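>>> sequence and computational prediction follow.
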Amino acid sequence: MYRIRFHGRGGQGIKTAGRILGNAFFHEGFQVQDAPRYGAERRGAPIFAYVRASRDVIHERGIIRHPDLVVVADDSLVPVPAAGILEGISRRTVLLVYSHDTDATWQARLSTSAKILVLPPPKKPTEVPEQGSVGAACVGAAARLIGVISADALRRAIEDELADAGPVVVRENVHYALDAYEYVGEHQGLVKEGGEPSARDYERPAWISLPFEDARVSAPAIYAAATSVEVRTGLWRTLRPVIDYARCNRCWWVCGSFCPDSAIDLGDQGYPQIDYDHCKGCMICVAQCPPHAISAIPETDAEQEQPAEIEP
Amino acid sequence: MNESHLRRMKDLPSTHLLGAGTPMCAGCGGLQALHEIYDLLGAKTVFVNAAGCMTLLSVYPFTPFRGSWLYTAMASAPAGAQGVRDALDILIQKRRIGREEDLETVVLTGDGAAYGMGLSATSAAIERNLDFLYICYDNEGYGNTGQQYSGATPHAAKTSTSTGPSGYAGDKKDLFAIWAAHRPAYVATVIGAEPLDLARKIEAAKQLRGPRLIIALAPCPVGWGYSPEETVNVGKLAVKTGIWPLKEYIDGHVIHTKVPRSRLPVEDYLKVQNRFAHLFTPQRDEAMLVSLQTKVDDYWKNIA
Ligand SMILES: Cc1ncc(C[n+]2csc(CCOP(=O)(O)OP(=O)(O)O)c2C)c(N)n1
Ligand code: SF4
Ligand SMILES: [Mg+2]
């Protein structure tokens, strides 16, 4: 049985990627299970989808714990523990990362025994898929690495899955998927099928025992103010808005009112300040700043830089 | 509304009360409106919420609110508010809490609840002259469950249940008129993209007692199909094209608070949203575009 996990962010076509791969397997005569998994969070938050495919009836259920292939559509998620990308990977797992960085960089970064392969975004900017189609590129590469899915089955799966979105979208996504399918050609069949489930592999769930408590303690009532700040929605961001204080007019009421997330406040010296722990990277401030003093830089570049200082 | 101390954008609050870290989408126009509203309402509030995207605001153990929050069934938020208001009144009457500890009861629902399922509960609450504030964030569909159409969906918009070549066949209900017909203390339309207009209306509503109802048009990147940074642009276009009239009802009169001087073509608003893409590709649906423009023109014919 093949066990594949796709990781990405809401809005990148991850759920669709899982469905496309499942469909493609199905066209090749496999029995298939595919399901997305996401929390209550919405666009931008980490999500994953998983696919099981087997020539026989699939009895296994639930989340895939020991994947044969892990596909990462958004490399900024790798260090995010909540995304669970490295969970259950071993020597026999293939990790496919959609990233600008090289295989060697990722190998050094992750010090894992899994085989790491990078799918780089196309060099020509006009060829780079939009956010929503990154999943299609990933699924193309995944299909080839698995090795039992023909280009034709892949194309039919995309056509089935995206029919509602119209012919233009179908054409684009087929193109991204087939490009990636070609790109990883030399690694065809790198992903090997895992064994069938057996009672011996059963892992006890990590139960937590909860004592019986008084309703005032056990009811889900919250007795503190604004506890949501404990949630670091800054992890959703792929682009970071950065204020150039030399150009900032100090009209904090513009960006401060428009930021939906209360992540822009008035700082000490009359300048707006962005709370990067919580900014989700919607970029409304970048679009609205009257003197264009806020620019968007890729989060991966920003991490290497020092936090912006106010220099009036 | 003219006596407001909120004269310029600069008079808006500079610190923000609604906690960050909520699970709403990046660029959510509903959250934008709510955070602007909350800055003015503050912690002395009890929010009564009906099922929708914003139910996820307060999921144990996290809440962005500094005051209280209560969750009700989708059709019942105004009834829940009645219970809260009565409880507060009884506590005050019995002197178990002081008058200064009183709280504002605020209903928060989406359009699915406000225009549809919860309409009769709202009608009854207004009829009983319930002292409460109703905030409807209107993203023109059942957002939380994947943007199915609601009574607030505009004609011709594509939703996940209106996928044909002509989109949603119905018309957006005029909830402002429906609410105003009950003659409550106050009704207003607002939008997060116009924070000053919004703030003045919330200030006005705070001064009054009885039923006060606010509809905030809530551009929704996911449901409407545009990129999150466009939320304010889309909102401003809704106002400038005359699609979303900013107005208030008070003392039996309707006042338009921001009349666009020269209205932009409705098309400018439609073409930036994927839910209307079928009106432009593969061919322009000229007849539909003209009829949508005519509806807006007809609305404004008798105003200012
Ligand atoms: C009686 C009832 N029917 C259906 C649902 C499922 N449901 C949960 S949220 C939701 C959508 C609500 O739409 P709206 O009020 O517009 O809020 P939005 O999700 O757009 O924020 C639905 C249908 C429910 N909770 N209760
Ligand atoms: S679906 Fe729309 S209304 Fe709901 S949280 Fe997301 S942006 Fe906001
Ligand atoms: Mg809605």
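In hand now; what should we look at? Ligands and ions are numbered 1, 2, ... in the order given.
>>> am I right that A:F48 is in a helix?
No. Assessed by DSSP: H, G, I helix; E, B strand; the rest coil, A:F48 does not belong to a helix; its assignment is strand.
>>> name the residue closest to the centre of chain B, please.
B:A216 (2.3 Å; Cα atoms, centre = their mean).
>>> my guess is that residue is in a strand, correct?
Yes. Counting by three-state DSSP, B:A216 is found in a strand.
>>> measure stretch A:64-81 end to end?
Using Cα to Cα, to the nearest Å, the end-to-end distance of stretch A:64-81 comes out at 17 Å.
>>> show me which positions of it end up buried.
A:64, A:66-78 (16 or more other Cβ atoms under 10 Å in any protein chain shown). C-beta coordinates here come from the backbone N, C-alpha and C atoms, glycine included.
>>> for ligand 2, see how far away the residue lying farthest from the centre of chain A is.
Distance from the centre of chain A peaks at A:D214, with 40.2 Å (Cα atoms, centre = their mean). Distance of A:D214 to ligand 2, given as Cβ to the nearest ligand atom, to the nearest Å: 35 Å.
>>> for A:S218, same thing?
A:S218 is 29 Å from ligand 2, by Cβ to the nearest ligand atom.
>>> again, but for B:Q148
12 Å.
>>> go on, A:R92?
Note on A:R92: its distance to ligand 2, by Cβ to the nearest ligand atom, is 39 Å.
>>> so what's B:E3 scoring on pLDDT?
Looking at B:E3, its pLDDT reads 58.
>>> wait, B:S227 touches B:P221, no?
Yes. Using Cβ atoms under 8 Å, B:S227 is in contact with B:P221, at 6.5 Å.
>>> before we move on, the earlier item: Throw the buried residues of stretch A:64-81 into CSV and include distance to ligand 1 and pLDDT, thanks.
Output for the buried residues of stretch A:64-81, formatted as CSV (distance: Cβ to the nearest ligand atom, whole Å; pLDDT from 0 to 100):
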residue, distance to ligand 1, pLDDT
A:I64, 29, 93
A:H66, 35, 93
A:P67, 32, 96
A:D68, 37, 97
A:L69, 35, 98
A:V70, 32, 97
A:V71, 30, 97
A:V72, 30, 96
A:A73, 26, 94
A:D74, 26, 90
A:D75, 32, 89
A:S76, 28, 83
A:L77, 26, 87
A:V78, 32, 88
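>>> any low-confidence regions in the chain?
No chain was given, so I picked chain A. Scanning chain A for pLDDT under 70 picks out A:39-43, A:304-312.
>>> switch to chain B, please.
Applying pLDDT under 70 to chain B flags residues B:1-3, B:304.
>>> got the residues of it near ligand 1?
Proximity of chain B to ligand 1, by Cβ under 6 Å from any ligand atom, involves residues B:51-54, B:73-74, B:109-113, B:139, B:142-145, B:150.
>>> B:N129 - how many residues pack around it?
Neighbour count for B:N129, taken as other Cβ atoms under 10 Å in any protein chain shown: 13.
>>> mind listing what it touches?
B:N129 sits next to B:G210, B:P211 when contact means Cβ atoms under 8 Å, 6 or more residues apart in numbering or on different chains.
>>> state the distance from it to B:V46.
Using Cβ to Cβ, to the nearest Å, B:N129 is found at 18 Å from B:V46.
>>> just B:W224 next, same as before
In terms of Cβ to Cβ, B:W224 sits 31 Å off from B:V46.
>>> so which of those two has more stuff around it?
Ranked by neighbour count (other Cβ under 10 Å), B:W224 and B:V46 place B:W224 first, with 25 against 21.
>>> so the more buried one sits against B:L270, correct?
No. The criterion here is Cβ under 8 Å, and B:W224 misses it with B:L270 at 10.4 Å.
>>> what touches both of the two?
Residues touching both B:W224 and B:L270 (Cβ under 8 Å, 6+ apart): there are none.
>>> what's the closest non-adjacent residue to the residue nearest to the centre of chain B?
Nearest residue to B:A216, sequence neighbours excluded (Cβ to Cβ, 6 or more residues apart in numbering or on different chains): B:A33, at 3.9 Å.
>>> neighbours around that neighbour, how many?
Using other Cβ under 10 Å: B:A33 sits among 29 other residues.
>>> now it: how far from ligand 2?
Note on B:A33: its distance to ligand 2, by Cβ to the nearest ligand atom, is 10 Å.
>>> helix/strand/coil for that residue?
Secondary structure, three-state DSSP: B:A33 is helix.
>>> and it, what does it touch?
B:I135, B:Y137, B:V190, B:I191, B:G192, B:L198, B:A216, B:A218.
>>> can you check B:G151 too?
B:D111, B:G112, B:Y115, B:G116, B:G170, B:K172, B:K173, B:L175.
>>> if we go to 6 Å?
By Cβ atoms under 6 Å, 6 or more residues apart in numbering or on different chains, B:G151 lies in contact with B:Y115, B:G116, B:K173.
>>> what's the nearest residue to the first one if we skip its chain neighbours?
Distances taken as Cβ to Cβ, 6+ apart place B:G151 nearest to B:Y115, at 3.6 Å, with adjacent residues excluded.
>>> following element in sequence after the top helix by length along chain A, please.
With secondary structure taken from DSSP state H, chain A has its longest helix at helix A:167-183. Next along the chain after helix A:167-183, taking DSSP states H and E as the criterion, comes helix A:215-218.
>>> quick one: the strands in chain A?
Assigned strands in chain A, in chain order: A:2-9, A:31-37, A:46-54, A:69-72, A:94-98, A:115-119, A:239-243, A:264-266, A:272-274, A:294-298 (criterion: DSSP state E).
>>> for those, which one ends up most surrounded?
strand A:69-72 (a mean of 28; mean count of other Cβ atoms under 10 Å in any protein chain shown).
>>> so what's the residue count around the spatially closest residue to A:H66 that is not a sequence neighbour?
Nearest residue to A:H66, sequence neighbours excluded (Cβ to Cβ, 6+ apart): A:G88, at 4.7 Å. Counted with other Cβ under 10 Å, the neighbours of A:G88 add up to 14.
>>> cool, thanks, signing off.
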